[in-house]
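J.: Sequence below, structure please.
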Amino acid sequence: MAKDGLRQEVLEIELELKEVGSLFLGALKNVPEFDIADPKLLPYGLKPHTRSVSWIVEQVITQQMKFHAQKMGLKDVDIGLPDTALHDCILIRCHGMPLYVNVKTHQHSGKKNKNDISAVEKLYFQYHANPDYRLIYFCAPITFANTTIRIHADECHVFSPQFMPIYVNPRNDKLQAYYEHEPQSRTRAAFLELLRDNSTSIKLS
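T.: This next block holds a predicted model:
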């Protein structure tokens, strides 16, 4: 792809990232701290591990997006997706292509580690089969103590898998990255080539 084509593709994705970040911030900025269970039933709290609560937090985030969709200028937000989908919700704009968003959570002010982002094969074939598909990751830092959760909406960040540093965990063939990383601009074709070349599960002639 010529340089002008690359710049156009990069610009489109950057604008989508900015839009998604703004929309989610708008939906979450007034969400208070909340308990996920009656503290009387869990007098010693839950173990402070993000996996203990991540699905619940993702439900709160996506449902807040759907509830506030029209107020934020969206036609709708589809959250009725199968667990096998790469994205957790689809932001349906009044004009323009839909935005496919995967929500992730992590401990606020916790130790920064590389995280499994997506199965390479699943991501590759979705991008390969649907030229209009672009996934956006929305990452929400949370504070989780006992049974109480706080979402730090003003510190959320977004990224595109297409611009991630490509490292594939050889143990499970999943893309790994820090949620906060320096983006590496590349074309869709270059992204697919890197996935194919670094994967142990994608078998193509």
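J.: wait, what's in contact with the closest residue to residue 112 other than its chain neighbours?
T.: Distance criterion Cβ to Cβ, 6 or more residues apart in numbering; nearest residue to residue 112, sequence neighbours excluded, is residue 178 at 5.9 Å. C-beta coordinates here come from the backbone N, C-alpha and C atoms, glycine included. The contact partners of residue 178, taken as Cβ atoms under 8 Å, 6 or more residues apart in numbering, are 112, 113, 114, 115.
J.: The same query, at a cut-off of 10 Å, please.
T.: By Cβ atoms under 10 Å, 6 or more residues apart in numbering, residue 178 lies in contact with 106, 112, 113, 114, 115, 117, 159, 164, 165.
J.: again, but for residue 74
T.: 23, 27, 65, 66, 68, 91, 92, 93, 94, 98, 99.
J.: wait, doesn't residue 19 sit right on residue 97?
T.: No - in terms of Cβ atoms under 10 Å, residue 19 does not count as a neighbour of residue 97; the distance is 11.4 Å.
J.: Show me which of these two is the more surrounded one.
T.: residue 19 (16 against 13; other Cβ atoms under 10 Å).
J.: Now do the more buried one, the pLDDT please.
T.: Residue 19 is assigned a pLDDT of 97 by the prediction.
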